[in-house]
Every structure is written in structure tokens, then in C-alpha cells.
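Participant: sequence and predicted model, in that order:
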Amino acid sequence: HLLRIIDKAIDWSFIYDLVRDTYSDGMGRPSIDPVTLIKIPLIQYLYGIKSMRQTIKEIEVNMAYRWFLGLELYDPVPHFSTFGKNYTRRFKDTDLFEQIFQHILEECYRFKLVDPTEIFVDATHVKARANNKKMQRRIAQQEALFYADMLRKDINADRESHGKKPLKDKDDHNKPGSGGNDKFENYTDDIPLDGKTIKCSTTDPESGWFRKGEHKHVFAYGIETACDKNGWIIDFTVNPGNEHDSRTFKGLYDKLTHVGMKYCIVDAGYKTPAIAKMLIDDGVTPVFPYKRPMTKDGFFRKHEYVYDEYNDAYICPGNHFLHYSTTNRDGYREYKSCGKICEGCQYLSQCTASKDHVKLVTRHVWEDYMETCEDIRQTIG
């Protein structure tokens, strides 16, 4: 039985030392064994039981659960509110559960069960216990991106190298210009820049409004975890459900800098120039998946426009140059075609639908890092 394996592997006596300061000797009524108290939610999470009330009902009739908690067949099971009361009075605003997590993880390290050289990162959303109708709107506080200062410096350096003036210090978000069917979702964070207000739960203000599937919206949390190839969770972070994975990655990555990571394997949500640069500069090999281009059907995809590094220009399928125009605030160099030449081109309908017939292709100032990641993806093994 799984609980027998867990109980054999872990010496639970370390919990007594962690909770010693929250109990008084010889005062008040006899308390429930702290180890039993911690094992109850462990059963709930291991077996996916939805509520503490239902967990207690299961413990009453399940011999394996009783054995795991140290209860005999006729011993009374603690009331379902017992854990909640103890959590509120003893454990709230403490890092007890993180200490338990770290202690067990250290034991796994000691027995060489963990291989931290390859780290897999992903996030999953967990619904908050908050009524979707109990909400209020508040002004959205746009947090600075973790790479904002570094990007601004590189943008100004790139503009100066092209004979452009540095960007002025003003708090506006210059979106990439309109260029027919170019799609910028490939490399930009999936966070709306023009949102002035956001929905905030009055029940659980720390949660975030999350779109689940096609139609359902709920208040939720994003649980971001880092695992090794054997499935051990190395570390985790908890974030509001409306924050994109590419924004919350830095918080988790900062916890992993000391574990000896050599490869970082992530899904397409993390495939951004900023994350690629951060990993490569730190000597970590990023392993990103293939991401299908977001171009509309019937139009040329971005890879069909060849970048000429010597001339710093793009060459379109019609063998014409798209020359550098500017570097915008999002860190993208804009390359534009000549509208008069494009007007008579045989590929115009497959290239752009813009009124002035000007095709726009963008290239991030950190695009070289993305190309390095693409080379890594093509490596066998």
C-alpha cells in the first residue's frame, strides 16, 4: 500500500521539533498528536479528496488511513474542523509546511534519489475557494517585467547603433505597428497591456481571474513546479491565476540557481527571448518545444523571410529587401518593405493585407538567443 511505503520511508518524529514552540507543556486539554494532524491533509492531497469533511468520513471507514494515523479500529477520529482550527491558531503565518517539504526533500537528496541536472518546469491552475460573483474591480497595477531594465538598455544601444535617438522616459506602451498578418504572440508575454481595471475577489483577494477553457472563468491560483526527471518536486511557487507563466518563471528560477541545473525543459508558454537569454547567460541549456507559427492561412510564415545579417535586412519570397525602420519599446526591430515595389509584386496577397502595401517583419534584439534555442531543439538527444 502506498501509505505503508511512505510511512516506512519517512521518520515523522522531526515534526515534533518543528511545532514545539506552538504547544504548551502541561496547560489546557490534551492535544492531538501533531504528526497525526499533519498526516490528515497529506491523505487528503494524496488521494484527491475534495474537502476535509469528506476526508474525515473516509478515515472513519478506511483501515489503511487509520493505520497511517496510528488510530485503532475503535479510536475516535478527530472532528473535521480540528485541522482548520489548529491551522488558524498554530500554523497560520508560519512556514511549517515548507519546512516539512524541505526536510523530506533533503532526505531524498541524502539517499541520492534526486537528479537535479535536468529540471522540468510547468504550471497548473487550481481553483480558489471563492465565489465568482463576489468581486469588485480595482485599478490594475502593472508590475515591471523582471528584465525591463536590461531590455531598455539593450533597446537604446540598438537604436544608437542604427543612428536613432534613445527612447524617452515615459510610461506608455508602444505596441508593435500594424503589418498585415504578422503575429507577435510568439515572443511577447500573454498579458494585456491596455487593461485599466481587473476583477478582484472579495473572498480571496490574492487569487486571480483565470479563463478556464472556452467559456468558464474562475478565480484561481497558478502553481508552478520544478521537477527532476524522476518526478521529485525540487521547488514551487504559488501565484495569482491571471499571471502568465513567462512572468512568474523568474520567481521559481531564483530558487533553482543552487541545485546544479544543466538543462531546463519547459513548454511553449515559456518560449520568450527574455527567458532564453537568462538561461543561456547563466550557463543553463534551455530546451524549448516547437511552436506552430500564428500566421493566418494563406500568408507567408515568418521563416520564409530570410534575415540577411550582413545587410541587417530581411529578404522576402519575392527577393526584395525589407530595411530596418526602428526599434520599438517592446524590444523589436521593425523591418519594412517599399510599398511601391510591393504594390506590383505577384506575392502581395500572400504577404500583407495592409492598405499601403508595406510589409512589416519584426526581430527581437535578443533574437540570437531564440535562434540558439532552436539549434538546441534540433540536436539529437
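Facilitator: Yep, that arrived.
Participant: gap between the helix or strand hosting K57 and the chain center?
Facilitator: Per DSSP states H and E, K57 falls inside helix 52-61. On the basis of C-alpha atoms, centre = their mean, to the nearest Å, helix 52-61 sits 34 Å off its chain's mean C-alpha point.
Participant: just the C-alpha atoms of it, please, in CSV.
Facilitator: Taking C-alpha atoms only, helix 52-61 is exported to CSV below (Å, rounded to 0.1, in the frame of the first residue of the first chain):
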residue,chain,number,x,y,z
MET,A,52,-11.6,18.0,5.0
ARG,A,53,-15.2,16.9,6.0
GLN,A,54,-15.1,14.1,3.4
THR,A,55,-11.5,13.2,4.3
ILE,A,56,-12.6,12.5,7.9
LYS,A,57,-15.5,10.4,6.7
GLU,A,58,-13.1,8.3,4.6
ILE,A,59,-10.7,7.9,7.5
GLU,A,60,-13.5,6.6,9.7
VAL,A,61,-14.1,3.6,7.4
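Participant: enumerate the positions of that helix that are buried.
Facilitator: Residues of helix 52-61 classed as buried: M52, T55, I56, I59 (neighbour count, 16 or more other C-beta atoms under 10 Å). The C-beta positions use only the backbone N, C-alpha and C, and glycine is treated the same way.
Participant: nearest to M150, of those residues?
Facilitator: Distance to M150 across the buried residues of helix 52-61 (C-beta to C-beta) is lowest for M52, with 45.7 Å.
Participant: please put the alpha-carbon coordinates of stretch 197-211 into CSV.
Facilitator: The C-alpha coordinates for stretch 197-211 follow below in CSV (Å, rounded to 0.1, in the frame of the first residue of the first chain):
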residue,chain,number,x,y,z
THR,A,197,-9.0,47.5,-14.3
ILE,A,198,-9.0,43.9,-13.2
LYS,A,199,-11.5,41.7,-11.4
CYS,A,200,-10.6,41.1,-7.8
SER,A,201,-12.3,38.5,-5.5
THR,A,202,-13.7,39.9,-2.2
THR,A,203,-13.5,36.4,-0.7
ASP,A,204,-9.9,35.7,-1.7
PRO,A,205,-8.1,38.8,-2.9
GLU,A,206,-4.8,37.0,-3.5
SER,A,207,-6.3,34.8,-6.3
GLY,A,208,-6.6,35.9,-9.9
TRP,A,209,-9.3,35.9,-12.6
PHE,A,210,-8.5,33.0,-14.9
ARG,A,211,-10.0,31.8,-18.1
